[in-house]
Structure formats: structure tokens, C-alpha cells
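Trainee: Structure of the sequence below:
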Amino acid sequence: MEKGYVIGVDFGTDSVRALLVDAESGKEMGAHVSLFKRWREGKYCQPNKHQFRQHPMDYIESLEACLMGCLQGQPQAVKDAVLAISIDATGSSPVAVDEKGMPLALQTEFAENPNAMFFLWKDHSAISEAMEINEKAKLFEKDYLSHVGGMYSAEWFWSKLLYVLRQDREVAEACFSWVEQSDWLPYFLTGTQDANRMKRNVCAAGHKGLWAKAFGGFPPLAFFEHIDPVLTRIYQSLPKDLYSADEVAGNLSKEWAEKLGLSTSVKVGVGAIDAHVGAIGAEIQPGVLCKVMGTSTCDMLVISQDELDGKLVKGICGQVEGSIVPGLVGLEAGQSAFGDVFSWYRDLLLFSIKELDLDENIAETWKDHLLRRLAEKAESRPVELHNPISLDWFNGRRTPYVDPHAKGAMVDLHLGSDAVSLFQSLVEATCFGSRAIVDDMEKQGVEIHSVTAIGGIAKKSSYVMQTLANVLQRPIQVHQSLETCALGACMLAATLAGIHQNLQEAMAKMGLGFEKTFLPDESLKTIYEDRYQRYQQIGNELYNRNRPI
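Mentor: Modelled structure (predicted):
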């Protein structure tokens, strides 16, 4: 077989990275990371209003930079042997597009309108719309929320669409369709100019858009008319056919091929959500919970239909056949804030330095080192029963049982509480939130045999990972790859290029394995159990929950 290469592109919250790999073995040939310029400047975001928007030009510029970067210095023979490109992206991060499938923010009149930009996954502008969808769905005869855990989220497709259509008349009138980031990016690479020809992925549609094989697709038009008739026009723009990420979206456009020095015969894969593709890169197997750990967490699991035996798991972010690995049902859970909690605390501590107008380099230096120093100090301290307890819901609660109104909290403070003890408390809170997810899924009969972890936190923070192992009282394997999501995209690209017979074979041959295992400290089992129960008690008291958190 002649040598073949593929490119995997991973769009995260802050940046995009691309990997060029040997399609047979997964050996890395080139890599590049590009940060989102406008996002780093804080443009189009208002955290106090739950608004987090990203301009499509950030995506276009960074996509070009990382594709050219991973190919830089490669001989033409390698470029000629590039067979396919696959892309994953955050979700649900939708945008309003025109009839050509282009985001409205690319038009002059909408260039500075945040409502015409991508609504990042963590944008919670649509809290009231989500609550309305949940209430009205209860009145409909059929339960169309049954495959997304029973509750619809402000982070998802229809809530955000309903918000835009109600809040911005000009965007609403110009909007031909509503498109996920993971669908738009592959479409953009193919150069297609007809939104009706865009191939949409089952991953985003199933976990975020209420599509379900059991329903024969999306819920019927009558359901959306029941929610609000304003949705019906956009509903009618959605396709009946959806595709898995191991299928072809089209070929690389002439413009992109010339720009990159590639051939127009390069196949572009159907997209998928980043966390789900990260689970592929981590070589996920049935019964293995893969934790994708970054600004938030996504907990991914695959299971056979036979093992599910018809059960619908409540309180999660959906169960969708083929959303991760074809032939298996993908389950998704997670936390709306994980690394974001630590970033909030870091910025809080740095406030005085910034306000004193000292040399900017001082603040930036401390920004890089503060969390590492806190972790070192916290690691050396004993775990005390009566230390402060925190709740991790700084961006609402995703799972179990979505609640956008839930807030973060710190309790049991005293005059001896210092910066390190509060950091300990926040780390424990994020780990307690992870345990709540595991406990709730297992109570519903979903067996979790082992836990793996990928992402920035898994690779960089041994303190967080050891605390998580202690709280879960389970070993946690950390994957070898620095760019697991991009590697998963490479596996998908190699599959659709025909290098491997199926995705399972690609995972087996291209996977890098695991670099480290965090083992739980048995001596801390009792004290963490007591503190976890206190976490549950506080959460129930503050939010009057009858169900466990």
C-alpha cells in the first residue's frame, strides 16, 4: 500500500489545532495550534449576562493558520499523499446562516452583531427559552425529551434559536437556517454555496437537537409549532438525512486546495462534537467512561443496544446511536464548568495586581504560575473534615439533571480559611460533581468498568487528577496523546479515506495508549465520602432538590 496521510482538526473553546499523521500508524508528521484573536480580546462576550459569542472570522483565520502550519516544511510528496481531512468542534455552538450557508456575521451589516455570530456551547443567554421548552414539552402527548435525559438545556440548539428569533428581528428575518459549528466547518472547506446541500452530523443533532432514530428523525413540525410557531420556518430548512462522522461531506474546494498545496481529491469528513471525537482518540471501549477535561467536562460512554435493553437514561445529555462509534449508542454527561472554576478563582486573586496598574508582564507571569503554586500548596496539606465546602455550578449544572439556575457556592468558611483551603474546596467540588454523574448513571443500571481521562487538565494537573481518583475511588488512566481530539479526527479521516476497514480498526492501529494511571488513596476513602455527603446536603438545601445531585 502506498503511503497515505490525513489531517485532523480540533476546534476547542479558545483555539484550534491540526495534526498531520500517517494514516496507517497514526505517527505525527506535523502539528500547529492557532488561538482565536477576537475571543482572546474578550470581544462579543458578556459573562454577567451569560453571553459567549465567537466571530466566524476567528474560525476562518485560525483554520487557515493551523492547516498551513501543520503542512509547513512538508515535501510535496507528502502533500500529494494527503487523502482526507476531518474536523470536530464544540457543541452546541450554532449560528444563523444565509441561503449560501454563510454565517450572517460575514455580511457587512451584521459584522458586529453578536446575535449573528456563533453561540458558543457555554452561552446561556437562552435560559428562559430552555425552561419554556421543558414546560411545553410536558404538555405534548409524546415525550420528545426522553433521549436527552428528560430535560432540555440552555446550551443547546433549539433554545438558542428560539432566543435569537425572539430577540433580534433583523437576524431572524435574514436567517435561512440554524447550523452547528461542527456542520459548518466541513461545509466551508468544501466550498459549497447552497445551505440545502450541507451534510449535518448525527452527533450534534442527536445530543443537542432532539434528533432520535426512535422518532424517525427530529420531532414533527407540530411539536415545534406547539413550542412556538416562530420555529417552524427554520425547522423546515433542516434535512431529513443525517450522517455519521466516518462518512464523506465532500471534497476539498479548489480555493482551499490551491491555498494549502493539496489536491481537490482530498475528502472532507462529516463533522462531530469535539468531546465525542476525543473519546475516539482515547480509544474508547464499551463500559469505559472517558472524561474530556478542560474548561468544562464531557463524560463519554459507549454501550450496545442489547446492554441498554431499551432503557432511557435520565439526567444526561443524550443517548444517540452512532454518535461516537458506529454500531454503539453514545451516552454523554458532563459539567458546565470545570477548568473555568479554577480560572475564575485565579482571576479573582489577581484582581489587585491588575488594578494597581503594575507592569502587565507581572500579571501575565502570575497568571501562568498561580494555579500551579496553589496546587503544590494544596497537595501538601491534609484533607480535613471541616474544611470549606464548595458547589461547582458556576455556569449552572449540566448533569445530572440540567439546571441552568444552579449557582456556585462556598460554605463553612471561617477566619482561618485561606487561598489554599478555598482552592482545595473548589477542586474537591469539581470532583464531587464528577462523582455525582457516575453515581447517578450506575443507579440507573449503566455499568462503568473503568475511567480514562483526556484534555488539558488531565495532562497538566496531577493534583486535580489524584483528587478525582480519591473521590471516585477508582483508578484513572490518562491518555498519551497531547491532542486526543485532533487524533480522533485523524482516525475518522483515515476511515473515510479507506485506509482502515472501520473506525474500530483505525482506533486500534492509530491509538497511542496511556501514559499514566492515578490510583485512589484508600486511606482517604472515608473522609472524602463524608465530605461528598456534605456536598450533596448543601446542594439539596440551597436548591431544594428531592433527587440526589
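
Trainee: My reading is that D183 lies in a helix. Confirm?
Mentor: Yes - counting by DSSP: H, G, I helix; E, B strand; the rest coil, D183 is part of a helix.

Trainee: That one is in contact with A204, isn't it?
Mentor: Yes - counting by CB atoms under 8 Å, D183 touches A204, with 6.7 Å between them. Heads up, the C-betas are built off the backbone N, CA and C, glycines and all.

Trainee: For the helix or strand bottoming out on mean pLDDT in the chain, which residues meet the burial criterion?
Mentor: Taking mean pLDDT, DSSP states H and E as the measure, helix 351-355 is the helix or strand of the chain with the lowest mean score, a mean of 75. In terms of neighbour count (16 or more other CB atoms under 10 Å), helix 351-355 has its buried residues at I353.

Trainee: what packs against it?
Mentor: helix 360-379 (3 or more CB pairs under 8 Å, 6 or more residues apart in numbering; DSSP states H and E).

Trainee: Quick check: what element follows the helix it packs on along the chain?
Mentor: As assigned by DSSP states H and E, the chain's next helix or strand after helix 360-379 is strand 389-391.

Trainee: Pull up the pairing partners for that next one, direction included.
Mentor: Paired strands of strand 389-391, with direction, are strand 409-411 (antiparallel) (DSSP bridges).

Trainee: Show me how far the least confident helix or strand of the chain is from its chain's centre.
Mentor: 31 Å (CA atoms, centre = their mean, to the nearest Å).

Trainee: re the thing from before, okay, and the common contacts of D183 and A204?
Mentor: Counting by CB atoms under 8 Å, 6 or more residues apart in numbering, the shared contacts of D183 and A204 are G271.

Trainee: got the residue ranges for the helices in the stretch 1-150 of the chain?
Mentor: Here the stretch 1-150 of the chain has its helices, by DSSP state H, counting those that start in this stretch, at 37-40, 56-71, 76-80, 127-139.

Trainee: same for the shortest one, what does it pack against?
Mentor: In terms of contacts (3+ CB pairs under 8 Å, 6+ apart), helix 37-40 is packed against helix 56-71.

Trainee: where does the residue lying farthest from the centre of the chain land on pLDDT?
Mentor: Farthest-out residue of the chain from its mean C-alpha position, per CA atoms, centre = their mean: L415, at 38.4 Å. The model reports L415 with a pLDDT of 93.

Trainee: quick one: which helix or strand includes it?
Mentor: Using DSSP H and E, L415 falls outside every helix and strand.

Trainee: Check the spacing between it and S352 real quick.
Mentor: Separation of L415 from S352 (CB to CB, to the nearest Å) stands at 20 Å.

Trainee: Ok, K136 next?
Mentor: Using CB to CB, K136 is found at 47 Å from S352.

Trainee: coming back round to it: which among the helices of the stretch 1-150 of the chain is found nearest to F423?
Mentor: helix 37-40 (24.8 Å; CB to CB).

Trainee: Provide the contact partners of the closest one at residue level.
Mentor: By CB under 8 Å, 6+ apart, helix 37-40 touches D14, Y44, C45, Q54, H55, M57, D58, E61, S62.

Trainee: Give the burial count for the fifth one, as a bare number.
Mentor: Other residues lying near H55 total 23 when counted by other CB atoms under 10 Å.

Trainee: And the second one, by the same measure?
Mentor: Y44 is flanked by 21 other residues according to other CB under 10 Å.

Trainee: Tell me which residues touch D403, please.
Mentor: By CB under 8 Å, 6+ apart, the residues touching D403 are W393, G396, R397, Y543.

Trainee: before we move on, what about Y532?
Mentor: Counted by CB under 8 Å, 6+ apart, Y532 has contacts F432, R435, V471.

Trainee: Show me which residues of the helix or strand encompassing S434 are buried.
Mentor: Per DSSP H and E: S434 is located in helix 419-443. Buried residues in helix 419-443, counting neighbours by 16+ other CB under 10 Å, are found at 420-441.

Trainee: now it and helix 360-379, what's the angle there?
Mentor: For helix 419-443 against helix 360-379, the angle by axes from the mean of the first three to the mean of the last three CA atoms, to 10 degrees is 60 degrees.

Trainee: Would you map the helices across the stretch 251-400 of the chain?
Mentor: Taking DSSP H, counting those that start in this stretch as the criterion, the stretch 251-400 of the chain carries its helices at 254-260, 274-281, 305-308, 339-349, 351-355, 360-379.
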